[in-house]
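I need the structure of the sequence given here:
(2 chains)
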Amino acid sequence: QKEVEQNSGPLSVPEGAIASLNCTYSDRGSQSFFWYRQYSGKSPELIMSIYSNGDKEDGRFTAQLNKASQYVSLLIRDSQPSDSATYLCAPNYGQNFVFGPGTRLSVLP
Amino acid sequence: DTGVSQDPRHKITKRGQNVTFRCDPISEHNRLYWYRQTLGQGPEFLTYFQNEAQLEKSRLLSDRFSAERPKGSFSTLEIQRTEQGDSAMYLCASNPEGPEAFFGQGTRLTVV
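Next up, the predicted model:
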(Lines give C-alpha, C1' and ligand atoms only; values in the text may rest on other atoms or scores of the structure.)
Protein backbone atom coordinates (compact mmCIF):
# COMPACT_ATOMS: atom_id res chain seq x y z
CA GLN A 1 0.00 0.00 0.00
CA LYS A 2 1.60 3.20 -1.17
CA GLU A 3 0.59 6.06 1.11
CA VAL A 4 1.13 9.77 1.04
CA GLU A 5 0.25 11.85 4.07
CA GLN A 6 -0.36 15.56 4.30
CA ASN A 7 -2.04 17.72 6.92
CA SER A 8 -5.44 18.54 5.50
CA GLY A 9 -5.44 22.03 6.99
CA PRO A 10 -6.66 24.58 6.60
CA LEU A 11 -3.31 26.21 7.09
CA SER A 12 -3.82 29.93 7.56
CA VAL A 13 -0.98 32.42 7.17
CA PRO A 14 -0.99 36.20 6.91
CA GLU A 15 -0.09 37.86 3.64
CA GLY A 16 3.69 38.18 3.28
CA ALA A 17 4.47 35.28 5.62
CA ILE A 18 6.12 31.97 4.79
CA ALA A 19 3.79 29.03 4.31
CA SER A 20 5.26 25.60 5.03
CA LEU A 21 3.57 22.51 3.61
CA ASN A 22 4.70 19.02 4.55
CA CYS A 23 4.36 15.57 3.05
CA THR A 24 5.52 12.09 4.02
CA TYR A 25 5.43 9.05 1.77
CA SER A 26 5.73 5.33 2.32
CA ASP A 27 7.35 4.03 -0.88
CA ARG A 28 11.14 4.11 -0.59
CA GLY A 29 11.34 3.43 -4.32
CA SER A 30 9.93 6.86 -5.19
CA GLN A 31 12.50 8.93 -7.05
CA SER A 32 10.52 11.91 -8.33
CA PHE A 33 8.37 14.23 -6.29
CA PHE A 34 5.87 16.79 -7.45
CA TRP A 35 3.83 19.57 -5.93
CA TYR A 36 0.56 20.52 -7.58
CA ARG A 37 -1.62 23.51 -6.77
CA GLN A 38 -5.36 23.10 -7.14
CA TYR A 39 -7.81 25.98 -6.96
CA SER A 40 -11.35 25.15 -5.96
CA GLY A 41 -13.24 23.53 -8.82
CA LYS A 42 -10.16 23.44 -11.05
CA SER A 43 -7.71 20.73 -12.04
CA PRO A 44 -4.24 20.33 -10.47
CA GLU A 45 -1.46 22.53 -11.84
CA LEU A 46 2.17 21.44 -11.58
CA ILE A 47 4.25 24.02 -9.70
CA MET A 48 7.40 22.21 -8.54
CA SER A 49 9.31 19.01 -9.11
CA ILE A 50 12.30 17.71 -7.16
CA TYR A 51 14.41 14.63 -7.72
CA SER A 52 17.46 14.95 -5.45
CA ASN A 53 17.91 15.42 -1.73
CA GLY A 54 18.18 19.03 -0.68
CA ASP A 55 16.47 22.22 -1.72
CA LYS A 56 15.21 23.42 -5.08
CA GLU A 57 14.11 27.02 -5.49
CA ASP A 58 11.86 28.51 -8.15
CA GLY A 59 10.79 32.07 -7.53
CA ARG A 60 8.85 32.24 -4.28
CA PHE A 61 8.66 28.44 -4.04
CA THR A 62 11.24 26.13 -2.46
CA ALA A 63 10.87 22.36 -2.45
CA GLN A 64 12.86 20.34 0.07
CA LEU A 65 13.47 16.60 -0.15
CA ASN A 66 14.87 14.14 2.39
CA LYS A 67 14.67 10.62 1.00
CA ALA A 68 16.11 9.02 4.14
CA SER A 69 13.24 10.47 6.17
CA GLN A 70 10.76 9.98 3.30
CA TYR A 71 9.80 13.61 3.65
CA VAL A 72 9.20 16.36 1.14
CA SER A 73 8.08 19.92 1.82
CA LEU A 74 7.10 23.07 -0.01
CA LEU A 75 7.84 26.56 1.27
CA ILE A 76 6.05 29.56 -0.16
CA ARG A 77 7.73 32.85 0.66
CA ASP A 78 5.94 36.20 0.67
CA SER A 79 2.57 34.42 0.56
CA GLN A 80 -0.14 36.16 -1.43
CA PRO A 81 -3.92 35.78 -1.27
CA SER A 82 -3.70 34.28 -4.77
CA ASP A 83 -1.71 31.40 -3.24
CA SER A 84 -4.85 30.29 -1.40
CA ALA A 85 -5.50 26.83 -2.80
CA THR A 86 -5.05 23.15 -2.03
CA TYR A 87 -1.50 21.85 -2.46
CA LEU A 88 -1.10 18.23 -3.49
CA CYS A 89 2.06 16.22 -2.93
CA ALA A 90 2.66 13.47 -5.51
CA PRO A 91 5.60 11.07 -5.33
CA ASN A 92 6.04 8.76 -8.29
CA TYR A 93 6.10 5.00 -8.27
CA GLY A 94 7.25 3.54 -11.53
CA GLN A 95 5.58 5.56 -14.27
CA ASN A 96 2.65 6.48 -12.05
CA PHE A 97 1.91 8.93 -9.24
CA VAL A 98 0.26 8.67 -5.88
CA PHE A 99 -1.37 11.82 -4.63
CA GLY A 100 -1.74 12.89 -1.06
CA PRO A 101 -5.05 14.27 0.19
CA GLY A 102 -3.77 17.82 -0.11
CA THR A 103 -3.28 20.68 2.32
CA ARG A 104 -5.66 23.61 2.05
CA LEU A 105 -3.79 26.90 2.37
CA SER A 106 -5.51 30.17 3.16
CA VAL A 107 -3.51 33.40 2.91
CA LEU A 108 -5.20 36.16 4.81
CA PRO A 109 -4.93 39.75 3.50
CA ASP B 1 -4.17 25.90 -20.29
CA THR B 2 -1.85 22.87 -20.34
CA GLY B 3 -2.89 21.70 -23.79
CA VAL B 4 -4.69 18.61 -22.45
CA SER B 5 -8.34 18.83 -23.46
CA GLN B 6 -11.26 16.99 -21.87
CA ASP B 7 -14.83 16.75 -23.07
CA PRO B 8 -17.44 17.28 -21.78
CA ARG B 9 -16.61 19.58 -18.90
CA HIS B 10 -19.79 18.67 -17.05
CA LYS B 11 -22.08 15.69 -17.32
CA ILE B 12 -25.31 15.01 -15.44
CA THR B 13 -26.75 11.56 -15.92
CA LYS B 14 -29.39 9.37 -14.40
CA ARG B 15 -28.40 6.34 -12.39
CA GLY B 16 -28.05 3.31 -14.61
CA GLN B 17 -27.11 5.21 -17.76
CA ASN B 18 -23.79 4.84 -19.56
CA VAL B 19 -21.45 7.79 -19.98
CA THR B 20 -18.29 8.31 -22.03
CA PHE B 21 -15.60 10.93 -21.54
CA ARG B 22 -12.90 11.95 -23.96
CA CYS B 23 -9.36 13.18 -23.38
CA ASP B 24 -7.05 14.68 -26.00
CA PRO B 25 -3.49 14.79 -24.64
CA ILE B 26 -0.68 17.01 -25.79
CA SER B 27 0.21 15.56 -29.18
CA GLU B 28 3.78 14.45 -28.46
CA HIS B 29 2.96 12.92 -25.07
CA ASN B 30 3.17 9.13 -25.01
CA ARG B 31 1.69 8.55 -21.59
CA LEU B 32 -1.88 9.22 -20.59
CA TYR B 33 -3.47 8.82 -17.18
CA TRP B 34 -7.00 8.83 -15.86
CA TYR B 35 -7.70 9.86 -12.27
CA ARG B 36 -10.86 10.31 -10.23
CA GLN B 37 -11.19 12.97 -7.56
CA THR B 38 -13.93 13.41 -4.99
CA LEU B 39 -14.43 16.44 -2.79
CA GLY B 40 -11.69 16.91 -0.22
CA GLN B 41 -9.55 14.08 -1.56
CA GLY B 42 -6.50 13.91 -3.77
CA PRO B 43 -6.80 12.39 -7.24
CA GLU B 44 -7.05 8.58 -7.24
CA PHE B 45 -5.35 6.67 -10.02
CA LEU B 46 -7.63 4.73 -12.38
CA THR B 47 -5.56 3.66 -15.36
CA TYR B 48 -2.52 4.49 -17.46
CA PHE B 49 -1.60 4.14 -21.16
CA GLN B 50 1.76 4.11 -22.87
CA ASN B 51 0.81 4.94 -26.45
CA GLU B 52 -2.11 2.59 -27.20
CA ALA B 53 -1.21 -0.02 -24.58
CA GLN B 54 -3.09 0.03 -21.28
CA LEU B 55 -0.28 -0.82 -18.87
CA GLU B 56 -1.88 -0.47 -15.48
CA LYS B 57 -5.37 -0.49 -13.99
CA SER B 58 -6.36 0.33 -10.44
CA ARG B 59 -8.46 -1.98 -8.35
CA LEU B 60 -10.83 1.00 -8.23
CA LEU B 61 -11.59 0.36 -11.90
CA SER B 62 -14.49 -2.06 -11.63
CA ASP B 63 -15.94 -4.03 -14.51
CA ARG B 64 -18.26 -1.12 -15.22
CA PHE B 65 -15.30 1.06 -16.19
CA SER B 66 -13.40 0.70 -19.44
CA ALA B 67 -10.80 2.89 -21.07
CA GLU B 68 -9.31 2.90 -24.52
CA ARG B 69 -6.65 4.80 -26.40
CA PRO B 70 -6.91 3.77 -30.05
CA LYS B 71 -3.86 4.64 -32.14
CA GLY B 72 -2.18 6.14 -29.10
CA SER B 73 -3.87 9.50 -29.54
CA PHE B 74 -7.06 10.50 -27.70
CA SER B 75 -8.51 8.33 -24.96
CA THR B 76 -12.02 7.53 -23.83
CA LEU B 77 -13.27 6.46 -20.42
CA GLU B 78 -16.66 4.77 -20.32
CA ILE B 79 -18.71 4.07 -17.23
CA GLN B 80 -21.57 1.64 -17.67
CA ARG B 81 -24.64 1.47 -15.42
CA THR B 82 -23.62 4.55 -13.47
CA GLU B 83 -24.13 4.68 -9.72
CA GLN B 84 -24.37 7.67 -7.42
CA GLY B 85 -20.96 6.78 -6.02
CA ASP B 86 -19.48 7.45 -9.46
CA SER B 87 -20.14 11.17 -9.02
CA ALA B 88 -16.71 12.79 -9.08
CA MET B 89 -14.29 14.83 -11.14
CA TYR B 90 -12.60 12.66 -13.76
CA LEU B 91 -9.16 13.97 -14.62
CA CYS B 92 -6.92 13.13 -17.55
CA ALA B 93 -3.20 13.84 -17.52
CA SER B 94 -0.44 13.26 -20.03
CA ASN B 95 3.33 13.40 -20.09
CA PRO B 96 6.18 12.72 -22.48
CA GLU B 97 9.00 10.34 -21.59
CA GLY B 98 9.77 12.42 -18.52
CA PRO B 99 7.86 12.10 -15.24
CA GLU B 100 6.03 15.44 -15.07
CA ALA B 101 2.33 15.10 -15.82
CA PHE B 102 -0.02 17.83 -17.01
CA PHE B 103 -3.72 17.73 -16.28
CA GLY B 104 -6.71 18.63 -18.38
CA GLN B 105 -9.56 20.67 -16.97
CA GLY B 106 -11.49 17.58 -15.91
CA THR B 107 -15.00 16.28 -16.46
CA ARG B 108 -17.36 16.69 -13.52
CA LEU B 109 -19.85 13.83 -13.41
CA THR B 110 -23.04 14.04 -11.39
CA VAL B 111 -25.20 10.93 -11.16
CA VAL B 112 -28.76 11.65 -10.04
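
give the contact list for the spatially most central residue of chain B.
In chain B, the residue lying closest to the centroid (Cα atoms, centre = their mean) is B:Trp34, at 3.5 Å. Residues near B:Trp34 by Cβ atoms under 8 Å, 6 or more residues apart in numbering or on different chains: B:Cys23, B:Phe45, B:Leu46, B:Thr47, B:Tyr48, B:Ala67, B:Ser75, B:Leu77, B:Tyr90, B:Leu91, B:Cys92. Heads up, the C-betas are built off the backbone N, CA and C, glycines and all.

list the contacts of the residue of chain B found nearest chain A.
In chain B, the residue that lies nearest chain A is B:Gly42 (3.5 Å; Cβ to the nearest Cβ). Contacts of B:Gly42 were listed using Cβ under 8 Å, 6+ apart, and they are A:Val4, A:Leu88, A:Ala90, A:Phe99, A:Gly100, A:Pro101, A:Gly102.

show me which of those neighbour chain B.
A:Val4, A:Leu88, A:Ala90, A:Phe99, A:Gly100, A:Pro101, A:Gly102 (Cβ under 8 Å from any Cβ of the partner chain).

what's around the closest residue to B:Cys92 other than its chain neighbours, how many residues?
Distance criterion Cβ to Cβ, 6 or more residues apart in numbering or on different chains; nearest residue to B:Cys92, sequence neighbours excluded, is B:Cys23 at 3.4 Å. A count of neighbours around B:Cys23, defined by other Cβ atoms under 10 Å in any protein chain shown, yields 26.

and if you look at A:Leu65?
Using other Cβ under 10 Å, A:Leu65 has 20 other residues around it.

please consider this matter closed, and thank you.
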